[in-house]
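Trainee: Here's a sequence, model it:
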Amino acid sequence: MNASSVVTSSFPEMDELEALRVAGGAHFEWRTRCEVHSRGRVFPLLTASIGSSNPEAPAIGFFGGVHGLECIGTQLVLEYMRALLTRLEWDDTLQQQLRAIRLIFMPIVNPGGMFARTRANPNGVDLMRNAPQSAEGRVPFLAGGQRIGPWLPWYRGPVDGHMEAESAALLGVVEEELMSRPLSFALDCHSGFGWDDSIWFPYARTERQMAHLPEMFLLKRMFEESYPHHGYAFEPQSHQYLLHGDLWDFAYDRSRPPNIFLPMTLELGSWRWIRKNPMQLFSRLGIFNPIKAHRTRRVLRRHPNFFDFLTRAAYSSQRWLPGGAPRDELLRRAQEHWQRSGLR
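Mentor: This next block holds a predicted model:
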């Protein structure tokens, strides 16, 4: 589907994305993955790609706006895209990287929800509870995913229904652009209750360990050694809670060796913003986003370090991907490091 055929909409994040499409038309490849209808409007679900056309090149997918209320995740992805466009004018190192890796951006996965300022999509479905698998243990009541109905939050969708168009589009991008390659990462930007910022990885449905625990542990160690004051909790999502229907669990389980697909979620802790400005609790957006302009700027300054780290790790993957006995030792160390919450 050609992006030029899309009927545009009007909310701030979509306006920013459209401005980037105009400014970056010569650099990014744009596609409309589907169209979402909400309140008489038509919203394009856009992706932008840049970098190597070699199907064997490592790739990174950056995602935001899965939950329509979590605008700060979308703003992070848009800010990084904007910075790339600026750097392309002068940054020879970036040019060299993009000849060897590919970057894919889906900044607004849930445009209908973001337009309506709702967590769910226009059908009342929480997209991050929408995959068909169920958790292997007890989940938090409602928050772990429920099928009572869309009038309650965290609705998974009907038990015998197909996945929502937005969920299917995201998974299509992951399958087509990421999992088909020897190495790929995904970073999905969210915000929610919590004091600390976190980087989560599969699984969310079970406390069992992912097959690529050594690679994830090595990424964590590399990042901590490069940015020792980063402040993230880097752990399996199951350390916090289990949930039904996680899209990244579903995607990861569909990946096939020898390809390596490493999905991560950047979860921004919103309690620190609320603690400094308690009145945000009375704002729908304030529960999930910094409201003060200087706090938003601080978020946009801080987290691109991790975006850049992933691009460098993809570009230099032949220097660090483990194998043989070193990988076995990394697995032992990873299990020891993350065993505190019953990771098996």
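Trainee: Only alpha carbons, please: show the longest helix belonging to the chain as CSV.
Mentor: With secondary structure taken from DSSP state H, the chain has its longest helix at helix 71-87. Taking C-alpha atoms only, helix 71-87 is exported to CSV below (Å, rounded to 0.1, in the frame of the first residue of the first chain):
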residue,chain,number,x,y,z
CYS,A,71,2.5,9.4,23.9
ILE,A,72,6.0,9.7,25.4
GLY,A,73,7.0,6.4,23.7
THR,A,74,5.9,7.7,20.3
GLN,A,75,7.7,11.0,21.0
LEU,A,76,10.9,9.2,21.7
VAL,A,77,10.8,7.3,18.4
LEU,A,78,9.9,10.5,16.5
GLU,A,79,12.7,12.4,18.1
TYR,A,80,15.2,9.7,17.2
MET,A,81,14.1,9.7,13.6
ARG,A,82,14.4,13.5,13.5
ALA,A,83,17.9,13.3,15.0
LEU,A,84,18.9,10.7,12.3
LEU,A,85,17.8,13.1,9.5
THR,A,86,19.9,15.9,11.0
ARG,A,87,22.9,13.6,11.4
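Trainee: For the stretch 51-200 of the chain, which segments are assigned as strands?
Mentor: Using DSSP state E, counting those that start in this stretch, the strands found in the stretch 51-200 of the chain span residues 59-64, 102-106, 183-192, 198-201.
Trainee: Redo those strands as CSV? Include mean pLDDT.
Mentor: Output for the strands of the stretch 51-200 of the chain, formatted as CSV (pLDDT from 0 to 100):
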stretch, mean pLDDT
strand 59-64, 98
strand 102-106, 98
strand 183-192, 96
strand 198-201, 97
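Trainee: To His162, which of those lies closest?
Mentor: The closest of the strands of the stretch 51-200 of the chain to His162 is strand 102-106. By Cβ to Cβ, the value is 19.8 Å. Placement of C-beta: from N, CA and C, glycine included.
Trainee: now for the closest one, which elements pack on it?
Mentor: Applying 3 or more Cβ pairs under 8 Å, 6 or more residues apart in numbering; DSSP states H and E, we find strand 102-106 packed against strand 41-51, strand 59-64, helix 71-87, helix 165-173.
Trainee: roughly how far out does the helix or strand of the chain with the lowest mean pLDDT sit from the chain middle?
Mentor: Within the chain, no helix or strand scores below helix 271-276, which has a mean of 76 by mean pLDDT, DSSP states H and E. Counting by Cα atoms, centre = their mean, to the nearest Å, helix 271-276 is centred 23 Å from the centre of its parent chain.
Trainee: Please put the alpha-carbon coordinates of that helix into PDB.
Mentor: C-alpha atoms of helix 271-276 as PDB (Å, rounded to 0.1, in the frame of the first residue of the first chain):
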ATOM      1  CA  TRP A 271       5.600   7.400  39.200                       C
ATOM      2  CA  ARG A 272       8.700   9.700  39.200                       C
ATOM      3  CA  TRP A 273       6.800  12.300  37.200                       C
ATOM      4  CA  ILE A 274       3.700  11.900  39.300                       C
ATOM      5  CA  ARG A 275       5.700  12.200  42.600                       C
ATOM      6  CA  LYS A 276       7.100  15.500  41.400                       C
END
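Trainee: Which helix or strand lies directly C-terminal to that helix?
Mentor: Note on helix 271-276: by DSSP states H and E, the next helix or strand toward the C-terminus is helix 293-302.
Trainee: Check which helices and strands that next one is in contact with.
Mentor: helix 71-87.
Trainee: try 6 Å this time
Mentor: Packed against helix 293-302, as judged by 3 or more Cβ pairs under 6 Å, 6 or more residues apart in numbering; DSSP states H and E, are no other helices or strands.
Trainee: where's Leu285 relative to Gly68, distance?
Mentor: From Leu285 over to Gly68 the distance is 10 Å, taken as Cβ to Cβ, to the nearest Å.
Trainee: who has more neighbours, those two?
Mentor: Gly68 (27 against 14; other Cβ atoms under 10 Å).
Trainee: picking that back up, tell me the angle the longest helix of the chain makes with strand 102-106.
Mentor: Orientation of helix 71-87 against strand 102-106 (axes from the mean of the first three to the mean of the last three Cα atoms, to 10 degrees) gives an angle of 140 degrees.
Trainee: what's the angle from helix 71-87 to strand 41-51?
Mentor: Angle, helix 71-87 to strand 41-51, by the same axes, to 10 degrees: 40 degrees.
Trainee: elements contacting helix 71-87?
Mentor: Against helix 71-87 (3+ Cβ pairs under 6 Å, 6+ apart) you get helix 12-23, strand 59-64, strand 183-192.
Trainee: Fine by me, thanks again.
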